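**Q** Mind folding the following:
(one chain, ligands or ions: 1)
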Amino acid sequence: MNDTLLQATAISKYFHDPQTIQILKEVSFSLERGEFASIIGKSGCGKSTLLYILSTMDTDYEGGLKIDGREMKGRSEQELANVRNEKIGFVFQFHYLLNEFSVLRNVMLPGLKLGKISAQEVEHRAMEKLKILGIADEALKNPNQLSGGQKQRVAIARALINNPVIIMGDEPTGNLDKKNTEIVFDIFKELAESYHQTLLVVTHDNAFAERTHRIITMEDGMILPPGRPK
Ligand SMILES: Nc1ncnc2c1ncn2[C@@H]1O[C@H](COP(=O)(O)OP(=O)(O)OP(=O)(O)O)[C@@H](O)[C@H]1O
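**A** Take a look at the predicted model:
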């Protein structure tokens, strides 16, 4: 059954500084629920610009964007902030964990901020996520007591805390060695295949991309037709 989670329709983006240049050129694609897709392409082709728009952080674009069946274009900043908190989990190259709080607290924070369930339930859920990621034993440590790979797993647990419909990653393994890249890849695959989690990851790592369900290859602000990655 066709179950589209994200739909981008003819997205164009211009920067006007100093001259007007078109960075994204009518980018259209959709993601099905449970799909694990990667975006690759040369530096400067527009990957981060596209992800910024898809994650609703940049609203200055032409075209349409539907997430979980709802059009994002034209919504207020507050509505978009709610969409980001409830529906999107972010994983970046750097983990941005707070060293003054425990691992558990770090994972709980976006859940407490959303305030939809009690603190006790948020804690229970955070422990579940840490278990799925194999780091429940580290829950009471501080992030600075963990390895780089463990920290990134905490960041993934934090991204999952509000049960987002999509995880978006901007170079989530960019700061990791081969072994930890492998671990993060396996976690993402497991999330997609066992938990039907949709994932969209920008990466420079072609070996990583080749093992995702789908590679979206960008070139000069456009998406190349499938089956022709360069
Ligand atoms: N605020 C801005 N003003 C003007 N040009 C910009 C701005 N932000 C990005 N660009 C330009 O847009 C183009 C696309 O940038 P973007 O960061 O999306 O590329 P990318 O594919 O993610 O690159 P990388 O792989 O190096 O991260 C680049 O040529 C960049 O210089």
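**Q** Just give me the residue right at the centre of this protein.
**A** M168 (1.1 Å; Cα atoms, centre = their mean).
**Q** Paired strands for the helix or strand where it lies, with orientation please.
**A** Assigned by DSSP states H and E, M168 belongs to strand 166-170. Strand 166-170 pairs in its sheet with strand 88-92 (parallel), strand 198-202 (parallel), by DSSP bridges.
**Q** could those strands go into TSV alongside distance to M57?
**A** The C-beta positions use only the backbone N, C-alpha and C, and glycine is treated the same way. Shown next, in TSV, are these (distance: least, Cβ to Cβ, whole Å):
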stretch	distance to M57
strand 88-92	9
strand 198-202	14
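**Q** tell me the most buried of the ones you listed?
**A** Across those, averaging neighbours per residue (mean count of other Cβ atoms under 10 Å) puts strand 198-202 on top, at a mean of 24.
**Q** Beyond that one, next helix or strand please.
**A** Once the chain leaves strand 198-202, the next helix or strand it forms, by DSSP H and E, is helix 206-210.
**Q** That following helix close to the ligand?
**A** No - if you take Cβ under 6 Å from any ligand atom as the test, helix 206-210 misses the ligand, and the best it gets is 12.6 Å.
**Q** What average pLDDT does the helix or strand following that helix get?
**A** Downstream of helix 206-210, the next assigned helix or strand under DSSP H and E is strand 214-219. Averaged across strand 214-219, pLDDT comes to 96.
**Q** The longest helix along the chain: which residues count as buried?
**A** With secondary structure taken from DSSP state H, the chain has its longest helix at helix 178-195. By 16 or more other Cβ atoms under 10 Å, the buried positions in helix 178-195 come out as N180, T181, E182, I183, V184, F185, I187, F188, K189, L191, A192.
**Q** what's the closest non-adjacent residue to the fifth one?
**A** When you say that, I think you mean V184. Excluding the flanking residues, the one nearest V184 by Cβ to Cβ, 6 or more residues apart in numbering is T173, at 5.2 Å.
**Q** so who does that neighbour touch?
**A** Q152, N180, T181, V184, F185, T203, D205, F208 (Cβ atoms under 8 Å, 6 or more residues apart in numbering).
**Q** let's go with 7 Å and repeat that
**A** Contact analysis of T173 by Cβ atoms under 7 Å, 6 or more residues apart in numbering lists T181, V184, T203, D205, F208.
**Q** Show me which residues of stretch 217-230 are buried.
**A** For stretch 217-230, the buried set under the neighbour-count rule, 16+ other Cβ under 10 Å, comprises T217, M218, G221, M222, I223, L224.
**Q** Check those and tell me the two furthest apart.
**A** Spatially, the most separated pair among those is T217 and G221, at 12.4 Å (Cβ to Cβ).
**Q** Residues in contact with stretch 13-21: which ones?
**A** Residues outside stretch 13-21 that contact it (Cβ under 7 Å, 6+ apart): Q22, I23, L24, T49, I53, Y61.
**Q** please redo it, this time with the cut-off set to 6 Å
**A** With contact meaning Cβ atoms under 6 Å, 6 or more residues apart in numbering, stretch 13-21 is reached by Q22, I23, L24, T49, Y61.
**Q** related to what we said a few turns ago, is it true that the residue nearest to V184 lies in a helix?
**A** No - counting by DSSP: H, G, I helix; E, B strand; the rest coil, one finds T173 to be coil, located in no helix.
**Q** Please renumber the chain so that the first residue is 47 from this point on.
**A** With 47 as the first residue, the last one maps to T219.
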